[in-house]
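Undergrad: Here is a sequence with its predicted model. Questions after.
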Amino acid sequence: MFKRVGKRWEDHLLEQIGRREARTAFYKESSEKISLNGEWKFLYLEAPELSPEGFMNKQIENEGWDTIDVPSVWQLRGYGRMHYTDVLYPFPVNPPFVPTENPTGIYKKTVLLDENWIENDTILKFHGVDSAYDVWVNGNHVGYGKVSRLPGEYDITDFVVCGENDITVRVYKWSDGTYLEDQDMWWLSGIYRDVELINEPKNSILDVQVNGDLAPDYRDGILKIKIRTKQEKCAGKWKICADGETVLEKDFYTADGCVYIEEILENVKRWTAETPNLYEVTVTVEGHEVSVRTGFRKIEIIDQNFCVNGKVILLNGVNHHDYNPKEGRCVTYEQMKADVILMKQYNINAVRCSHYPANEYFYDLCDEYGLYIIDEADLECHGFEWTGNYTWITDDPSWEKTFVDRSVRMVKRDRNHPCIIMWSMGNESTFGCNFRSAAKAIRELDDTRLIHYEGDFEAEVTDVYSTMYTRLKPLEEIATTDVKGGKPHVMCEYGHAMGNGPGGLTEYQNLYRKYKRLQGGFIWEWYDHGIYAEKDGRPYYRYGGNYGDFPTNGNFCIDGMLMPDRTPSPSLLEYKQVIAPVEVTKIEGKSNELRVKNYYDFRSLNCVYLEWWIKGGEKILQKGCIDTLKAMPGEEEILVIPYDPFEPEANTTYYLNLSVREKEETLYADKGHEISRVQFEMEEKKTVFVKRPESNAFCINKEKGILTVENENICVKFHTVFGRLLSISSGGKEYVTSGPEMTVYRATIDNDMYKKDDWMNKYFIQESSEQNAGFSYESDEEKTVVVIQKYFGCVNQSWGYECTYEYSIFPCGQIKVHLDAKTVQNGKLEPPFLPRLGIKMKANKNLQSTVWMGMGPGENYADSCQACYMDIFRSTVDDMGTAYVYPQENGHRENVRWFGISDGSNSLLYIMDRPLGLNLSNYTDESIEKAAHPFELEQSKDVVVHLDYRQSGLGSNSCGEEQVEKYKVKREDFSMSFTMQIVKSGKELQESSVRYL
């Protein structure tokens, strides 16, 4: 064993030097503060040992130093290199030692302090530094700290002077703490959160701990306050206010620098995520005044469920990282506020701070707006799993203090926040003695909340049984057994939102709502972690490997419901509807009676109203508003929609649409904000058939393998050798440029990543072709019928399809296509399921305006369509797609009954006999598959049209459940029919409503 030279940043037994005890982050404080954010002198080095002699001194020459802004991460300021990993440590695992090549940043700043300032104490506070750092003031070493996502405070009173003061900080990219900070994210370094000086009075309040508990009847509040002061004996005042009005005010006296206060407040307003009623506690000692906010609520286990204020709650949550596409982990108050508001607008009621404590003001926002929080320690040791020695440091007692320190400091900082309902000891670090110690330390500090940690696989010390990415079947087994002591279950991660997906969220929500033990979960995750870049002036987002970083997990960091530019992805819209707290369902056999279920835990439905309207085509026939809803939490009521009987128009489908909306303005939404939207197809129908218009008979020409069927309305060409529709033209303009061919392939989505290799390199689904097995036609005055028999298959496969294409071409210009596909298997091997069954064809590139009747407005799939509804929608080919950071299948619409693509003058109209799935794109599947970024997509020369008999769902198999069985497309016989015709733009609805004999 080598004898190592002692380095501070490689000593896991050294927790800190000079750092004050952790304490609460006050909501308000009267002490004067100086922000040290802004420009600092900066020197980047490859190792700490290369630091210039005397760099910490006040008068050092700064020649050769750069300027850097604080807060920031230095990789995004051009220093060092970007690197992303999900699990792996990017260096040899040899704890507590780290690479000798240890990128280091030295920061220097001059601060002017006057005589008034010097009369008080000076506290230097770092809100976040990654990963470890030393601090000097005027050349004197004043402290050393680590734990990147927690603050460190240093009393530098004895080292500051009146006038200029030099603050020097040396930050190390790697430290022994890095072994506990292996979270799934970019490796970023520097002073990335705020820095400030606090002018603290000599006789100041050091800490205030407030707990707003409830009496057993949940009516009266039990207020507990612990005040810690700098002087052992002092007098002061405290008061508690609600809505600006003083509720109670009293004097206090401290002995031994501490005082405990307990008061009963009658009939308090309780805090929940749905009713975030806050009180403000203000403490004053000799002119020093601090405030903290509290809420009265009780968190407890009752009958094997965790409850808030005596009620079982369901967590509809999301995992949240600090992230900004241009600033990395540097996030502002304004961005976090926007996140919280967006979460509330999308029906999210809980957040897991993954996998570290968030910036202090995040919890203030969650207190105020109402979100349940799992606060998680800055601890993950996932890379050890891949060494074969997962418990290497987790079960090593010499690391106990550093494990415990991370939980204890988190609790001491955040324990006043009513939004926090659980303390989480970390993430993906397996289990060992150090977590037992951490749990014990947390309970000694705070026994009013629950303890969470998914790595406690046996739920030995935790209050909840937590799992991640549990599939539906084993999840139901958990729900119906007493495994792990019957403790309440929560999914700390599920629904991996990587790329196009997740699908199948409804199935999870159904289980959560069905089984008492299952108390919800947290989607992974909120934000795509793409890094902003530009190509030819157009923005795009980088991910792992785009910086030459290796090893890397590539685009595994692009896994959020919010895109890097803050555009809500289709998955966020889907999640909003799936978890909507008001559910409206149709009562079977009743045309106008509905069942309304209140899934709120604390709000009655008298706070919402329901808008309804009946729509057929693009006309709204009737509409109304019902504002008399009153169902209490967990209850339901029957609602009658008072619409009048009406005579349906010919060939028109009518829908009853319902929108549940906020009755009053809230903190996070305007009056009328939509909570949920549902739709039901109505029974009123009238089908009318007419004869097709008469036109001149066709001129048919067969020459050099080309069959042409033509009159003044239409020109259709087929290749008799290859058995293919070549084109459809009208008025000298080509509309269809390549006719239908069967396909089973779609550009791979991230959630198919584990199937991709088999699909593409074993079953070769992207390498398909059709063999012409027969071509015939016959014609009379009524129509010309072309029949093409073809065999569809993929390279070296024994399975395939015998396809019969029948084209009925009518003189009026309509072309009816019928495909009958019979499956064939002459061997044994075949894919367990297929991406799709359908046809692809191509249309003129100028046909860019779109209109369709089907599911919309956004993309939707079989297992991800709750946010969409039937209507007539208008868009463009490009806008029908979704620009994912990593290109993949996108833009699908289910249940399409007709659609048109137009050049502004004329439209190519498709009318389905039975609804089909639709994709329209300016890119081929092959181009999408090939591209790693949107700017690499190669435009097709045509509009690519996909019509699907069925397309498989999305699933969440990039990390989690694959497509549920009913959403998988299997090899099966199928048929599909549709009619094409050229119509004037704007006439698509009129023409699609005609039914011909």
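TA: That came in fine, so what should we check first?

Undergrad: what's the straight distance from one end of stretch 545-565 to the other?
TA: Terminal residues of stretch 545-565 are spaced 21 Å apart (CA to CA, to the nearest Å).

Undergrad: and it, which residues are buried?
TA: 545-547, 549, 552, 554-564 (16 or more other CB atoms under 10 Å). Every C-beta, even on glycine, is put in place using the N, C-alpha and C of the backbone.

Undergrad: quick check, nearest of those to residue 743?
TA: Proximity of these to residue 743 (CB to CB) peaks at residue 555, which lies at 25.3 Å.

Undergrad: Then the closest one would be within a helix, right?
TA: Yes - Residue 555: assigned to a helix according to DSSP: H, G, I helix; E, B strand; the rest coil.

Undergrad: doesn't residue 750 make contact with it?
TA: Yes - using CB atoms under 8 Å, residue 555 is in contact with residue 750, at 7.2 Å.

Undergrad: Show me the common contact partners of the two, please.
TA: Listed as contacting both residue 555 and residue 750 by CB atoms under 8 Å, 6 or more residues apart in numbering are 498, 499, 886.

Undergrad: As a markdown table, these with distance to residue 792, secondary structure and pLDDT would be great.
TA: What follows is the shared contacts of residue 555 and residue 750, written out as a markdown table (distance: CB to CB, whole Å; DSSP: H, G, I helix; E, B strand; the rest coil; pLDDT from 0 to 100):
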| residue | distance to residue 792 | secondary structure | pLDDT |
| --- | --- | --- | --- |
| 498 | 31 | coil | 98 |
| 499 | 28 | coil | 98 |
| 886 | 30 | coil | 98 |
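
Undergrad: Quick one: the strands in the stretch 1-150 of the chain, in order.
TA: When secondary structure is read from DSSP state E, counting those that start in this stretch, the stretch 1-150 of the chain shows strands at 28-29, 32-35, 38-45, 66-70, 84-85, 104-113, 121-126, 129-130, 132-137, 140-146.

Undergrad: Just checking the distance from stretch 504-515 to the centre of its chain.
TA: 18 Å (CA atoms, centre = their mean, to the nearest Å).

Undergrad: and if you look at stretch 203-211?
TA: 37 Å.

Undergrad: what's in contact with that stretch?
TA: Contacts of stretch 203-211 (CB under 8 Å, 6+ apart): 23-24, 26, 31, 121, 222-231, 234, 236, 257, 281, 283, 285-286, 288, 290, 292, 294, 412, 415-416, 448.

Undergrad: So which of the residues you listed belong to helices?
TA: Residues of those located in helices (DSSP state H): residue 412.

Undergrad: on that earlier part again, among the strands of the stretch 1-150 of the chain, which is the most enclosed?
TA: Among the strands of the stretch 1-150 of the chain, the stretch with the highest mean neighbour count (mean count of other CB atoms under 10 Å) is strand 129-130, at a mean of 28.

Undergrad: what would the strands of the stretch 1-150 of the chain look like in TSV with distance to residue 669 and mean pLDDT?
TA: Output for the strands of the stretch 1-150 of the chain, formatted as TSV (distance: least, CB to CB, whole Å; pLDDT from 0 to 100):
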stretch	distance to residue 669	mean pLDDT
strand 28-29	27	97
strand 32-35	32	98
strand 38-45	36	98
strand 66-70	35	98
strand 84-85	35	98
strand 104-113	42	98
strand 121-126	35	98
strand 129-130	35	98
strand 132-137	41	98
strand 140-146	41	98
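
Undergrad: could the shared contacts of residue 555 and residue 750 go into a markdown table alongside distance to residue 694 and neighbour count?
TA: Listed next are the shared contacts of residue 555 and residue 750 as a markdown table, based on distance: CB to CB, whole Å; neighbours: other CB atoms under 10 Å:
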| residue | distance to residue 694 | neighbour count |
| --- | --- | --- |
| 498 | 56 | 29 |
| 499 | 51 | 28 |
| 886 | 53 | 21 |
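
Undergrad: Name the nearest of those residues relative to residue 837.
TA: residue 499 (22.3 Å).

Undergrad: need the contact list for the closest one.
TA: By CB under 8 Å, 6+ apart, the contact set of residue 499 is 555, 558, 559, 749, 750, 751, 884, 885, 886, 888, 958.

Undergrad: again, but for residue 469
TA: Residue 469 makes contacts with 491, 493, 494, 496, 956, 959, 960, 961, as judged by CB under 8 Å, 6+ apart.

Undergrad: Let me know whether the fifth one touches residue 496 as I believe.
TA: Yes - because the distance of 4.9 Å satisfies CB under 8 Å, residue 956 is recorded as touching residue 496.

Undergrad: These two: which is more packed in?
TA: Higher neighbour count among residue 956 and residue 496: residue 956, with 29 against 25, using other CB atoms under 10 Å.

Undergrad: Filter the contacts of stretch 203-211 down to the buried ones and hand me the ChimeraX line.
TA: To isolate the buried ones among the contacts of stretch 203-211 in ChimeraX, judged by 16+ other CB under 10 Å, type:
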select :23,24,26,31,121,222,223,225,227,228,229,230,234,236,281,283,285,288,290,292,294,412,415,416
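
Undergrad: Inside strands: which ones of the contacts of stretch 203-211?
TA: Counting by DSSP state E, the part of the contacts of stretch 203-211 found in strands is 121, 222-229, 234, 236, 281, 283, 285, 288, 290, 292, 294.

Undergrad: distance of residue 317 from residue 440?
TA: Counting by CB to CB, to the nearest Å, the gap from residue 317 to residue 440 is 27 Å.

Undergrad: Tell me which of the two has more neighbours.
TA: residue 317 (27 against 14).

Undergrad: What strand or helix carries the more buried one?
TA: Assigned by DSSP states H and E, residue 317 belongs to strand 315-320.

Undergrad: Can you list the strands that that strand pairs with?
TA: Sheet pairing for strand 315-320, assigned by DSSP bridges, gives strand 350-353 (parallel), strand 518-523 (parallel).

Undergrad: Can you list the buried residues in the first one?
TA: Right, the one you point to is strand 350-353. By neighbour count on 16+ other CB under 10 Å, the buried set for strand 350-353 is 350, 351, 352, 353.

Undergrad: ok, now stretch 566-579?
TA: So stretch 566-579, judged by 16+ other CB under 10 Å, has buried residues 568, 569, 570, 571, 572, 573, 574, 575, 576, 577, 578, 579.

Undergrad: in the sheet, who's paired with the residue nearest to the first one when sequence neighbours are not counted?
TA: Taking CB to CB, 6 or more residues apart in numbering, and ignoring the residues beside it in sequence, residue 568 has residue 562 as its nearest neighbour in space, at 6.2 Å. Beta-bridge pairing of residue 562, defined through DSSP bridges, involves residue 527, residue 568.

Undergrad: do the same with residue 317
TA: If you apply DSSP bridges, the partners that residue 317 bridges to are residue 350, residue 522.

Undergrad: Please tell me how far it sits from residue 180.
TA: 24 Å.

Undergrad: now swap in residue 240 and tell me
TA: 38 Å.

Undergrad: The two: which is more packed in?
TA: Neighbours were counted for residue 240 and for residue 180 using other CB under 10 Å; residue 180 has more, 29 against 22.

Undergrad: Serialize the strands paired with strand 315-320 to a markdown table and add fields for mean pLDDT.
TA: Listed next are these as a markdown table, based on pLDDT from 0 to 100:
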| stretch | mean pLDDT |
| --- | --- |
| strand 350-353 | 98 |
| strand 518-523 | 98 |
